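Visitor: One predicted model, sequence on top.
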2 protein chains.
Amino acid sequence: MGLLEAIKYYRTFEAGQTVIWSGDKMDFVGSVVTGIATLTQTMEDGRTQMVGLLLPSDFVGRPGRDGSAYDVVATTDLVMCCFRKKPFEQLMERTPHIAQRLLEMTLDELDAAREWMLVLGRKTAREKIASLLSIIARRDATLNLRPAEGALVFDLPLTREAMADYLGLTLETVSRQISALKRDGVILLEGKRHVTVPDFTRLMEEAGDDSDGGMFA
Amino acid sequence: MGLLEAIKYYRTFEAGQTVIWSGDKMDFVGSVVTGIATLTQTMEDGRTQMVGLLLPSDFVGRPGRDGSAYDVVATTDLVMCCFRKKPFEQLMERTPHIAQRLLEMTLDELDAAREWMLVLGRKTAREKIASLLSIIARRDATLNLRPAEGALVFDLPLTREAMADYLGLTLETVSRQISALKRDGVILLEGKRHVTVPDFTRLMEEAGDDSDGGMFA
DNA sequence: GGTCCACTTTGACCCAGATCAAGCGCGCGA
DNA sequence: TCGCGCGCTTGATCTGGGTCAAAGTGGACC
């Protein structure tokens, strides 16, 4: 929509910077252009759980709600494309296709969240790590249009601690399980972050996700 | 919308009956009228995780997808109001407000799913049980328009096993923690299912949710 | 080149919750 | 009325992952 073009603007954030604090008023919505951000919830005693991983093209914000329910943090340098909420909402009223597109994206996110509930509730630490790696590998492959054949290679966009927050584990357990997967030849590591997956099917099996890799677009 | 009225029909299911199997083609969408249904995912080795609890007014199905990603099971006798998918989708094209309303509901579900990710990933067994009880109490109170003051009374709509599936626990742990909450006076039990919460604030504290009970509409 | 600091790995030990195994109680059908 | 079965409780034991502690990277900045 050209109309959206007219009211958009860009914001940039440095790695580590908080985009929005939970509870803050949020007067814009937007989407990630480049970089990675996370959505996290925190309990009073400091326990935290990541509830969303925002990659390029993902939508941020909630039309019809004033405050953010989560902390949004840039984990890498981040560029976002933003729209002030008011005009965006008005535009949505007048342009049905925006709501329909947004509905589709939200349903995708809901599916991802439910997939993640299975991971959090029922998988072992090793399976959790394998699940996260396969999701990152898959999304990375689709974003960069690399063929999902043979060895997959990518960089982990998250620290061990962020992975732990995503998976409901401690950073020590994350580190141990990654070492174990490396020892067992499921992955190869170069430095701390650069991962090679020689056999994606093997990784899927380790994730307990067997069957094929359907499920995600 | 009167147009929706024109194409709706009702289906009933008995407690325990499966409404849709994961992977099946689903040629309708709909919403719960009375009774309770669950959305669950199952791994090949039989581990299961509930990923949604459908109470009256909740929407089932996904416009724009053919198969169901989850098992949908009636846990009580169930009445659903259904629309064949094709006409519903066509109607959605022509009637923007339906998509907007659906978007709102989906965003609410997404929030609930994210809340649940915190429960699954970071809470202790006792906190998980308290969280589930407080959610059921809250939804029950809003549905039945009882004032949320003084003692809350409700019936558990789930077996211990279903609660375990929701919470990522075993049914033994669920049973033990419910006994513990009873012993500590957080709840009173009459029979296996009838619960009285003498002090809702206390329950919220046990859930680790402190602060007030905002969050849900 | 050195030193700092944030990130990571690894080890030793412990505990919440899983697993395995009996029993209990209540509703239902014969 | 009896007994059968399903849902639930309770106990004993085991273990995956948490906790606490210490050391190993490596890159950024002087």
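Guide: Alright, I've got the coordinates.
Visitor: Could you use CA atoms for every contact and neighbour count after this?
Guide: OK.
Visitor: and the residue nearest in space to the middle of chain A, what are its bridge partners?
Guide: In chain A, the residue lying closest to the centroid (C-alpha atoms, centre = their mean) is A:Leu53, at 1.9 Å. For A:Leu53, the beta-bridge partners are A:Thr38 (DSSP bridges).
Visitor: who touches it in this structure?
Guide: Counting by C-alpha atoms under 8 Å, 6 or more residues apart in numbering or on different chains, A:Leu53 touches A:Ile36, A:Ala37, A:Thr38, A:Leu39.
Visitor: How about A:Asp27?
Guide: Each residue near A:Asp27 by C-alpha under 8 Å, 6+ apart is listed here: A:Asp66, A:Arg84, A:Lys85, A:Lys86.
Visitor: Okay, and which of these map to strands?
Guide: Here DSSP state E is the test, and the contacts of A:Asp27 give A:Arg84 as lying in strands.
Visitor: out of the contacts of A:Leu53, which is most surrounded?
Guide: For the contacts of A:Leu53, the largest neighbour count, defined by other C-alpha atoms under 10 Å in any protein chain shown, is 32 neighbours, found at A:Ala37.
Visitor: which secondary element of chain A has the worst mean pLDDT?
Guide: helix A:2-7 (a mean of 80; mean pLDDT, DSSP states H and E).
Visitor: A:Glu115 and chain B, how far apart?
Guide: In this view, A:Glu115 and chain B are 8 Å apart by C-alpha to the nearest C-alpha, to the nearest Å.
Visitor: Please state the backbone phi and psi of that residue?
Guide: A:Glu115 adopts backbone torsions of phi -60, psi -40, taken as degrees, to the nearest 10.
Visitor: what do you get for A:Glu161?
Guide: Torsion angles, degrees, to the nearest 10, at A:Glu161: phi -70, psi -40.
Visitor: got a list of what it touches?
Guide: So A:Glu161 contacts A:Thr170, A:Leu171 (C-alpha under 8 Å, 6+ apart).
Visitor: same question, the one 4 residues further on
Guide: Contacts here follow C-alpha under 8 Å, 6+ apart; on that basis A:Asp165 touches A:Thr48, A:Gln49, A:Met50.
Visitor: What is the nearest of those residues to A:Ile7?
Guide: The nearest member of the contacts of A:Asp165 to A:Ile7, counting by C-alpha to C-alpha, is A:Met50 at 30.7 Å.
Visitor: For burial, what's the neighbour tally of the nearest residue to the closest one once chain neighbours are set aside?
Guide: Once flanking residues are discounted, A:Met50 sits nearest to A:Thr40: 4.1 Å by C-alpha to C-alpha, 6 or more residues apart in numbering or on different chains. Residue crowding around A:Thr40 was assessed by other C-alpha under 10 Å; the count is 23.
Visitor: helix, strand or coil for A:Thr40?
Guide: strand (DSSP: H, G, I helix; E, B strand; the rest coil).
Visitor: coming back round to it: output the contacting helices and strands for the least confident helix or strand of chain A.
Guide: Contacts defined by 3 or more C-alpha pairs under 8 Å, 6 or more residues apart in numbering or on different chains; DSSP states H and E place helix A:2-7 against strand A:78-84, helix A:85-94.
Visitor: Pull the residues that contact the helix or strand that it is followed by.
Guide: Downstream of helix A:2-7, the first helix or strand assigned by DSSP states H and E is strand A:8-13. By C-alpha under 8 Å, 6+ apart, the surrounding residues in contact with strand A:8-13 are A:Val19, A:Ala74, A:Asp77, A:Leu78, A:Val79, A:Met80, A:Cys81, A:Cys82, A:Phe83, A:Arg84.
Visitor: Just name the closest of those to DNA strand D, please.
Guide: Nearest to DNA strand D among those: A:Asp77, at 13.0 Å, using C-alpha to the nearest atom of the strand.
Visitor: In this structure that closest one contacts A:Val32, no?
Guide: No - look at A:Asp77 against A:Val32 with C-alpha atoms under 8 Å: they stay out of range, at 11.0 Å.
Visitor: got any ranges where chain A has weak pLDDT?
Guide: Within chain A, the ranges that satisfy pLDDT under 70 run A:1, A:145-149, A:211-217.
Visitor: how does it look with 80?
Guide: The model of chain A has pLDDT under 80 over residues A:1-4, A:142-150, A:210-217.
Visitor: just to revisit the earlier point, and the furthest pair within the contacts of A:Asp27?
Guide: Greatest spacing in these, by C-alpha to C-alpha: A:Asp66 and A:Arg84 (11.9 Å).
Visitor: quick one: contacts of the helix or strand harbouring A:Arg138?
Guide: According to DSSP H and E, A:Arg138 maps onto helix A:125-143. For helix A:125-143, the surrounding residues in contact (C-alpha under 8 Å, 6+ apart) are A:119-120, A:147-148, A:152-154, A:156, A:167, A:169, A:173-174, A:177-178, A:181, A:200, A:203-204, A:206-209.
Visitor: do stretch A:30-46 as well
Guide: A:22, A:48-61, A:69-83, A:157, B:118, B:208-210.
Visitor: do stretch A:173-182 as well
Guide: For stretch A:173-182, the external contacting residues (C-alpha under 8 Å, 6+ apart) are A:Ala125, A:Arg126, A:Ile129, A:Arg160, A:Met163, A:Ala164, A:Ile187, A:Leu188, A:Leu189.
Visitor: okay if I get the residues you listed as JSON lines plus distance to DNA strand D?
Guide: Below are those laid out as JSON lines (distance: C-alpha to the nearest atom of the strand, whole Å):
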{"residue": "A:Ala125", "distance to DNA strand D": "4"}
{"residue": "A:Arg126", "distance to DNA strand D": "6"}
{"residue": "A:Ile129", "distance to DNA strand D": "10"}
{"residue": "A:Arg160", "distance to DNA strand D": "12"}
{"residue": "A:Met163", "distance to DNA strand D": "11"}
{"residue": "A:Ala164", "distance to DNA strand D": "8"}
{"residue": "A:Ile187", "distance to DNA strand D": "17"}
{"residue": "A:Leu188", "distance to DNA strand D": "14"}
{"residue": "A:Leu189", "distance to DNA strand D": "10"}
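Visitor: Understood, closing this out.
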